[in-house]
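**Q** Quick one: sequence plus predicted model below, questions after.
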Amino acid sequence: MSVLREDDILAQLAAVLEARKAATADASYVAKLYAKGLDAILKKVGEEATETVLAAKDGDPEHLVYEVADLWFHTLVLLAHQGLGPEAVLTELQRRFGLSGLAEKAARGGER
Ligand SMILES: N=c1c2ncn([C@@H]3O[C@H](COP(=O)(O)OP(=O)(O)OP(=O)(O)O)[C@@H](O)[C@H]3O)c2ncn1[C@@H]1O[C@H](COP(=O)(O)O)[C@@H](O)[C@H]1O
């Protein structure tokens, strides 16, 4: 069974991110990011991660949700740029589901 339905917002967004690979940079934020390249995308992911941390510290749930949405969005752009989609991450989370994080870490023999 697929981890993602076609009408799921993640699947719809992933389809738009794929389509933006053929778009011109002046008409689309995503196409502009693709044109800037991997380092620019990674910079946005780093910025949004920092903004998520700051939002969590300020205690406003709406602000936190807003920043996590920015972070998820930019990680989806990163995945698309690397030829991947959300289904790869969801499949990995599904594989881990029910596995104790502590047991998994012990099986690895400590830190990764
Ligand atoms: N979900 C998003 C989304 N979330 C955040 N953003 C953009 O990500 C940027 C967040 O960066 P910042 O908060 O740092 O704001 P900023 O100063 O404007 O950003 P920079 O100029 O520094 O990059 C903003 O420009 C937001 O508009 C998004 N841009 C697009 N999408 C989705 O992607 C689709 C395709 O977008 P386009 O390619 O622009 O049509 C859209 O229809 C949406 O569904």
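**A** Happy to help now that I have it.

**Q** What residues does the protein have near the ligand?
**A** Residues of the chain lying close to the ligand by C-beta under 6 Å from any ligand atom are 13, 16, 20, 28-31, 44, 47, 70, 73. C-beta: built from backbone N, CA, C; applies to glycine.

**Q** Now compare these and name the two farthest from each other.
**A** Within the residues of the chain next to the ligand, 16 and 47 form the most distant pair, 21.6 Å apart (C-beta to C-beta).

**Q** for this protein, what spans make up the helices?
**A** Listed in chain order, the helices of the chain (DSSP state H) span residues 9-19, 29-36, 38-58, 61-81, 86-96, 101-108.

**Q** Residue 3 is nearest to which of those?
**A** The closest of the helices of the chain to residue 3 is helix 86-96. By C-beta to C-beta, the value is 4.0 Å.

**Q** If we ignore the residues flanking it in sequence, what's nearest the residue nearest to the spatial centre of the chain?
**A** Against the mean C-alpha coordinate of the chain, by C-alpha atoms, centre = their mean, the closest residue is residue 75 at 2.8 Å. For residue 75, the nearest residue in space outside its immediate sequence neighbours is residue 45; the separation is 5.9 Å by C-beta to C-beta, 6 or more residues apart in numbering.

**Q** Kindly report the same for residue 81.
**A** residue 41 (5.7 Å).

**Q** Quick check: the residue lying farthest from the centre of the chain vs residue 101, distance?
**A** Distance from the C-alpha centroid of the chain peaks at residue 109, with 27.9 Å (C-alpha atoms, centre = their mean). As for residue 109, its distance to residue 101 is 15 Å (criterion: C-beta to C-beta, to the nearest Å).
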